[in-house]
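**Q** only geometry, no sequence info:
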């Protein structure tokens, strides 16, 4: 049983590509390093990474570079771990399978779009890992993907190998209004918060029964009954069984305190845990209950009032939940916001009074914990992946600017390389235009996105 | 233009957050003094260890050696910084409350030609958004109607972000006529979440439609001109037409016209149109202004820029296109202002401005573009936008650089009196951070 459930989850991973290896060791020397680890802030520090991993970090005087290392002067600059965005929708061909109330059978991993320029643009803002999530159209949504911003790799090459699987749930206004009257589509259950909880409860009643049938079948097999007939595979229920077994973590889109509380109680009823609440704008009202349940929270910095369930949102949300023992991250939910999560984190120092270390953790080690990849990324520690950002100036600031972003020790963004690339792209564009005989007047783009 | 103090609540600075008990009505003689602070006037060099005096709603003294009148309420500004309050040069503050709820949205009216509509008639002084913006130092805004498509969108009102009624808030009731220029984009925006996204249309088709819509704008101005000629000639047979009556005000540069346009060709078209009709125009949005910087400079057309934290307009635009544009415009001598174009996010105005500083815009210029710059653009620099004797006392006191996220705004004065910094968010924060720790679950039988 467990075996084929894992197999089912692994289906989408069949095209795992191989990320490019880091050629040359890199030493950044003289920078202030904000480690997001126990080492805290290291002034006049140095970081060495080779073969895609961090091999040394400490005071500049203590870290020696191999003779073949590229040495970068980090004087007056800052180094942080790569930023991790715990809630994103970039690099996906589609987001929502909204035709059904339970879409656990679908996965974003099947529709990764490695050509989405947002991968690069967010890397230019220091983001190195993103949790690419299914949308919020249904109470139980699809499975998500965790990617690294390895711009230039194919879909398989973007996937964060070894990241445990996650699935999206959604509460409140979005699943209620989806496919409802006015869209020309038939109405779809649910249309109320009662219905949302019912859809989830019904699904786990089914999944519990399905698991029982499989357990009974396996018991018979193990008892030597060679004639035992396996139950029919159900790709919708397989992931729900994984949730019940604790091998697939739930990330639940939520806004209001009451629905957050209710979902935890439904999960407890079936013996599983809500791993992370997403958005969770009223988490500040039930932070103790979340901490008690063991749920994490991934929220926005200061968005509010765009809908009724966001009208009581406050920018102190992250701080209150943090103070009450919840592991909190700040996410983007947007290809724009994902370019300056450092600044969004800084807002919690102003609103709620978090410390610099706490604020930085919101976009580094905490989202890593939430995605269960904190053994690999999220802080600057020896042995971790060399996902590192070199900043021109202090990163928790409205003046912050990225100089270079590394993923697995490779440069995925660099200000100087970007300048050179612009020239090449302009030339290529001119050539293409000439080939196609297209006038510049035809040039039109999508509108710039305002959130 | 309301410049009287009227019935304004003034509170002692010490009891700033406790409004209810000690309400008094400000008299012309009520005097507030901030002393020992660095006073960033914007219009001239900062005054270190300076004192600023507000009386009767205005700034009456700034300097290192000024006499402090007896009976004045005084703030010790040691280590603090004083700046003019910020201006969100284009917003929907007071016109919308909850984005997704149509019943709370009064920014957008039916129809495309509404020169007779005025934001003033719909501004909700008790909107929760206003105290949230004000607490972060935003003391005025141009509240502007939004349009559904191109056309003459309506009149925008310049307001102080404090007042019991819109009349108390008002600075200029008809500060500008907003026009929304047609677009030449052949594709709709890309929407995440629930799918969709506009189909692609041919450029020729889009261009034909664009020309038609510009022609419609032209027809409206022709009509307005004829209406004015008939009025001036004393025609007795002329029926009163509110649309044309209001539109005549833009003729001969009588009222500022803010044209919403993003693409460079749309901006060119709007500037050409303004030239033909002798309109006093400002471009709002201007995300694609990079290719028309020289034109904007040559024609002295000011620009109200939207959020710097936006995506580049085109797939192949540089990643930092929005960050570099403000500096390029300023270098070319184009007058710029920043605006949020929003409401709930108006408090982020200084951070939007700051996001152009590491990309070429001088820090002082960035701050000027949210204070004196918009005051000049909106024609009120004689009263607002800088700290100068005689100007309206819209002043903020901070513990640092207001463009920096972590800086706290400690006092806000609007029209010379302390403004309440309390707001929905602080109240909820106070309430819930003090929630008693949850007791362990009690089992009941």
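**A** Cool, got the structure. Bear in mind that the values here come from a model prediction, so they are computed numbers and not experimental data. Residues are numbered from 1 along each chain as shown, chains lettered A, B, ... in the order given.

**Q** where does chain A have low pLDDT?
**A** Where chain A drops to pLDDT under 70, the residues are A:1-19, A:178-186, A:439-451.

**Q** so, low pLDDT: which residues of the stretch 301-445 of chain B?
**A** Along the stretch 301-445 of chain B, segments meeting pLDDT under 70 span B:439-445.

**Q** can you rerun that using 50?
**A** Along the stretch 301-445 of chain B, the model assigns pLDDT under 50 to residues B:442-445.

**Q** now do the strands in it.
**A** Remark: strands assigned in the stretch 301-445 of chain B by DSSP state E, counting those that start in this stretch are B:302-305, B:336-338, B:395-398, B:409-414, B:417-418.

**Q** repeat that for the stretch 1-150 of chain B.
**A** B:9-10, B:24-25, B:31-39, B:47-55, B:58-63, B:73-76, B:81-84, B:86-91, B:138-143.

**Q** okay, residue A:56 and residue B:280: tell me how far apart.
**A** Noted for residue A:56: a distance of 63 Å to residue B:280, by Cβ to Cβ, to the nearest Å. C-betas here are computed from N, CA, C, even on glycine.

**Q** close to chain B: what parts of the stretch 101-250 of chain A are there?
**A** Applying Cβ under 8 Å from any Cβ of the partner chain, one finds that the stretch 101-250 of chain A approaches chain B through A:117, A:120, A:121, A:124, A:135, A:136, A:137, A:173, A:178.

**Q** again, only using 6 Å
**A** A:117, A:121, A:124, A:135 (Cβ under 6 Å from any Cβ of the partner chain).

**Q** if I look at residue B:50, how far off is residue B:37?
**A** 6 Å.

**Q** could you do residue A:416 as well?
**A** Distance from residue A:416 to residue B:37, counting by Cβ to Cβ: 41 Å.

**Q** likewise residue A:419?
**A** From residue A:419 to residue B:37 the distance is 42 Å (Cβ to Cβ).

**Q** neighbour count: those two, which is higher?
**A** Shown here are residue A:419 and residue B:37; by other Cβ atoms under 10 Å in any protein chain shown, residue B:37 has more neighbours (24 against 10).

**Q** check contacts around residue B:344.
**A** By Cβ atoms under 6 Å, 6 or more residues apart in numbering or on different chains, residue B:344 lies in contact with A:304, A:305, B:129.

**Q** format those residues as TSV; extra columns: distance to residue A:208.
**A** Output for the contacts of residue B:344, formatted as TSV (distance: Cβ to Cβ, whole Å):
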residue	distance to residue A:208
A:304	38
A:305	40
B:129	46
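
**Q** any of the residues you listed buried? List them.
**A** Among these, those classed as buried by 16 or more other Cβ atoms under 10 Å in any protein chain shown are A:304, A:305, B:129.

**Q** those residues in helices, which ones?
**A** Residues of the buried ones among the contacts of residue B:344 located in helices (DSSP state H): residue B:129.

**Q** ok, residue 384 - contacts?
**A** You didn't say which chain, so I picked chain A. residue A:54.

**Q** not what I meant, chain B
**A** Counting by Cβ under 6 Å, 6+ apart, residue B:384 makes contact with B:375, B:392.

**Q** what distance do you get for it to residue B:392?
**A** 6 Å.

**Q** for residue A:124, same thing?
**A** According to Cβ to Cβ, residue A:124 and residue B:392 sit 41 Å apart.

**Q** of the two, who's got more company?
**A** residue B:392 (25 against 21).

**Q** could you find the closest non-adjacent residue to that one?
**A** residue B:383 (5.2 Å; Cβ to Cβ, 6 or more residues apart in numbering or on different chains).

**Q** so how far is residue A:75 from the one you found?
**A** Distance, residue B:383 to residue A:75, using Cβ to Cβ: 47 Å.

**Q** higher neighbour count, those two?
**A** Taking neighbours as other Cβ under 10 Å, residue B:383 and residue A:75 compare with residue B:383 leading, 17 against 11.

**Q** neighbours around the nearest residue to residue A:94 once chain neighbours are set aside, how many?
**A** The shortest distance from residue A:94 to any non-neighbouring residue, by Cβ to Cβ, 6+ apart, is to residue A:111 (5.4 Å). Residue A:111 is flanked by 18 other residues according to other Cβ under 10 Å.

**Q** likewise for residue B:409?
**A** Neighbours of residue B:409 (other Cβ under 10 Å): 23.

**Q** ditto for residue A:371
**A** Residues within reach of residue A:371, counting by other Cβ under 10 Å, total 30.

**Q** which ones are touching it?
**A** Going by Cβ under 6 Å, 6+ apart, residue A:371 touches A:131, A:146.

**Q** coming back round to it: let me have the strands of the stretch 1-150 of chain B in CSV, extended by mean pLDDT.
**A** Below are the strands of the stretch 1-150 of chain B laid out as CSV (pLDDT from 0 to 100):
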stretch, mean pLDDT
strand B:9-10, 36
strand B:24-25, 36
strand B:31-39, 97
strand B:47-55, 98
strand B:58-63, 97
strand B:73-76, 96
strand B:81-84, 98
strand B:86-91, 98
strand B:138-143, 98
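
**Q** how about the helices of the stretch 151-300 of chain A, start to end?
**A** A:155-158, A:173-177, A:193-222, A:237-245, A:257-270, A:287-293 (DSSP state H, counting those that start in this stretch).

**Q** er, the stretch 101-250 of chain B I mean
**A** Under DSSP H, counting those that start in this stretch, the stretch 101-250 of chain B gives helices at B:129-134, B:166-169, B:203-232, B:242-247.

**Q** which of those helices sits closest to chain A?
**A** helix B:203-232 (5.0 Å; Cβ to the nearest Cβ).

**Q** and the closest one, does that touch chain A?
**A** Yes. Remark: helix B:203-232 sits within contact range of chain A at residue B:203, by Cβ under 6 Å from any Cβ.

**Q** for that helix, which positions count as buried?
**A** Buried residues in helix B:203-232, defined by neighbour count with 16+ other Cβ under 10 Å: B:203, B:206, B:210, B:213-214, B:217, B:220-221, B:223-225, B:227-228.

**Q** please apply the same query to stretch A:20-36.
**A** In terms of neighbour count (16+ other Cβ under 10 Å), stretch A:20-36 has its buried residues at A:22, A:25-36.

**Q** ok, now stretch A:387-394?
**A** For stretch A:387-394, by 16+ other Cβ under 10 Å, it's A:387, A:388, A:389, A:390, A:391, A:392, A:394.

**Q** now, among those residues, which is nearest to residue A:405?
**A** The closest of the buried residues of stretch A:387-394 to residue A:405 turns out to be residue A:389 (Cβ to Cβ; 5.2 Å).

**Q** helix or strand for the closest one, just tell me which one.
**A** Per DSSP states H and E: residue A:389 is located in strand A:388-391.

**Q** need the next SSE after that strand, C-terminal direction.
**A** Using DSSP H and E, the first helix or strand after strand A:388-391 is strand A:402-407.

**Q** helices or strands up against that next one?
**A** On a contact count with 3 or more Cβ pairs under 6 Å, 6 or more residues apart in numbering or on different chains; DSSP states H and E, strand A:402-407 meets strand A:388-391, strand A:410-414.

**Q** who touches the longest one?
**A** Strand A:410-414 is contacted from outside by A:20, A:22, A:123, A:124, A:149, A:151, A:404, A:405, using Cβ under 6 Å, 6+ apart.
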